[in-house]
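[1] Let me see the structure of the following:
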Amino acid sequence: MSADSTAVIDPARPNGAGTAADGTGGPPGGRYLGLALVVIAAAQLMVVLDATITNIALPAIQTSLGVTDSGLAWIVNSYALAFGGLLLLGGKAGDLFGRRLLFQVGIGVFTLASLLGGLAPNEGLLIGARVLQGVGAALAAPNALALITTTFPAGRSRNTAMGVYAAMGGVGATVGLLLGGTLTDLLDWRWVFFVNIPIGLAVLAGTRTLVEGERHQGRLDVPGAVTGTGGLMALVYGITRGGEHGWTGGWTLGSFAAALVLLTVFLVLQARTAHPMMPLRLFRDRNRTGSYATMLFIGAGMFATFYFLTLYMQLIQGFSPVKTGFAFLPFSFGMAAAAGISSKLVARCAPRLIAGPGLLVAAAGMFWFATLEPGSSYAAHVLPAMFVTALGLGMSFVPMTLGAVSGVDHLDTGIASALLNTAQQIGGALGLAFLSTLSTTAADDTLPDAASSLYRGLATQDPGLVSKAGEALTDGYTTAFAAAAVMFLAGLVVTAFAVDAGRQEHTEGAAAAHMG
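    Modelled structure (predicted):
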């Protein structure tokens, strides 16, 4: 569920290379290892929970800042696009300039961005702060895992550190939902950003316990990062702009044209540069390309689940933010249970025989969500649909991770698994842009300006208007759920025809690269 537990590991890297916390060289002594583990785990938790902590606060943010429906989606998408678009560059920068240094820079940028987000007086500055958070996360996340291999000696201590790191991926999403609800309820939505500041400062203070690794030769693919990320942002903007102002408007067509040009240039650069951010050779394998494409569809549907369910539970069913956070717990439990089962099944079955049925189950859960009505029961309708969807998605993650790294060259394992994380983030951003546009259009077809009408009805205590707006918004959400189910089915088709890896005898790398 966490989208952010990225593995960028160079298996050829000397273990323990670099300088210890005391500057003497070699790995730190045992008394430092516990603190080093806390530092890395806290950083990973902070980056992961920020993907979900903001979701719970969305209605409060919309009310406080007067955010438009498209702007609300951008608050989620801006983080995902910057994080996913720059993730590979962050890992490469760590290789070149030092993993501890880039980790520190990333945490510093993330902490500063959190302060700016908490102080943001309007929609534009908040979205800008979210972009900056994504940049910080893209620098910190890939280097956090790499620092485990340089700080912890091979064996039990490193295995423990890897286990704790992987657990933060699963725990982070749940903690984000609960913490976001609690902070929004008891304090203010701004505290979903402010809470990162003391954590970030503590992590920065503890980074001296981490051991810097060997630096490698090469150069950054900055042109690739600029054209790739810029192209994706232009594409998402075009989708959201088209839904709001029409698909033939100048800005909409201009955005699509810019996206086409930038993404084309990006692919040309990746094919010609000596040090590409995204090596195209990784896509020559049908199985690996299928895994990436499937993860795009999974990310699109999963982001939609959190986004639209949060709005449905708070705006339609009247749940408080903290109640909404607790209401998502079945999703976390279902994901964890299914991921545990699938990690054992991959040694006995081919990945597509696990991920395929998982995606079918996830699609069934989304179609179940598509039957929601304003008065639907949480216990009888929302909860079981949520659990079914989570089970299906949990069955899919580990097999897709293994499909992405199966048969990969020894030195490309890290970049291959990082690309899978990138695919999930980018898929989520593109999917949410499309689905939020679809949802808003469906709702406004039923009642023009449905979201504004709901807030106006609540402010004027007009139960008739609130009821009509609630029905219109629910129509929009259920339309999005049905479309998300189709995305899962598209992922199923890709898995069935493209992911042909055999059963995995060795799955040691899965936990690290796997998104919990």
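[2] C-alpha from now on. contacts and neighbour counts both.
    Noted.
[3] Now do the helix or strand where Asn77 lies, average pLDDT.
    Here Asn77 sits within helix 69-97, counting by DSSP states H and E. Helix 69-97 carries an average pLDDT of 81.
[4] CA atoms of the helix or strand following it as PDB?
    Following helix 69-97 in sequence order, the next helix or strand is helix 99-119 (DSSP H and E). This file holds the C-alpha atoms of helix 99-119, laid out as PDB (Å, rounded to 0.1, in the frame of the first residue of the first chain):
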ATOM      1  CA  ARG A  99      23.900   8.500  -0.100                       C
ATOM      2  CA  ARG A 100      24.100  10.000   3.300                       C
ATOM      3  CA  LEU A 101      24.400  13.500   1.900                       C
ATOM      4  CA  LEU A 102      21.500  13.100  -0.500                       C
ATOM      5  CA  PHE A 103      19.400  11.500   2.300                       C
ATOM      6  CA  GLN A 104      20.100  14.500   4.500                       C
ATOM      7  CA  VAL A 105      19.300  16.900   1.700                       C
ATOM      8  CA  GLY A 106      16.100  15.000   1.000                       C
ATOM      9  CA  ILE A 107      14.900  15.100   4.600                       C
ATOM     10  CA  GLY A 108      15.800  18.800   4.900                       C
ATOM     11  CA  VAL A 109      13.800  19.700   1.800                       C
ATOM     12  CA  PHE A 110      10.900  17.500   2.900                       C
ATOM     13  CA  THR A 111      10.900  19.200   6.400                       C
ATOM     14  CA  LEU A 112      11.000  22.700   4.900                       C
ATOM     15  CA  ALA A 113       8.200  21.800   2.500                       C
ATOM     16  CA  SER A 114       6.100  20.500   5.400                       C
ATOM     17  CA  LEU A 115       6.500  23.900   7.200                       C
ATOM     18  CA  LEU A 116       5.500  25.800   4.000                       C
ATOM     19  CA  GLY A 117       2.500  23.500   3.500                       C
ATOM     20  CA  GLY A 118       1.300  24.000   7.000                       C
ATOM     21  CA  LEU A 119       1.600  27.800   6.600                       C
END
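[5] can you give me the mean pLDDT across the following helix or strand past helix 99-119?
    Of the helices and strands lying after helix 99-119 in sequence (DSSP H and E), the nearest is helix 123-151. Mean pLDDT, helix 123-151: 85.
[6] returning to what we had before: now for the helix holding Asn77, which elements pack on it?
    Using 3 or more CA pairs under 8 Å, 6 or more residues apart in numbering; DSSP states H and E, the elements in contact with helix 69-97 are helix 30-65, helix 99-119, helix 123-151, helix 222-245, helix 413-446.
[7] Could you check the angle the second one makes with helix 30-65?
    Our comparison of helix 99-119 with helix 30-65, counting by axes from the mean of the first three to the mean of the last three CA atoms, to 10 degrees, yields an angle of 30 degrees.
[8] outside of helix 99-119, which residues touch it?
    Outside helix 99-119, the residues within contact range by CA atoms under 8 Å, 6 or more residues apart in numbering are 43, 90, 93-94, 125-127, 129-130, 132-141, 143-144, 146-147, 190-194, 196-197, 200-201, 203-204, 207, 210-213.
[9] Would you mind writing the PyMOL command to select the buried ones in those?
    In PyMOL, this line selects whichever of the contacts of helix 99-119 come out buried by 16 or more other CA atoms under 10 Å:
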select buried, resi 43+90+93+94+126+127+129+130+132+133+134+135+136+137+138+139+140+141+143+144+146+147+190+191+192+193+194+196+197+200+203+204+207+210+211+212+213
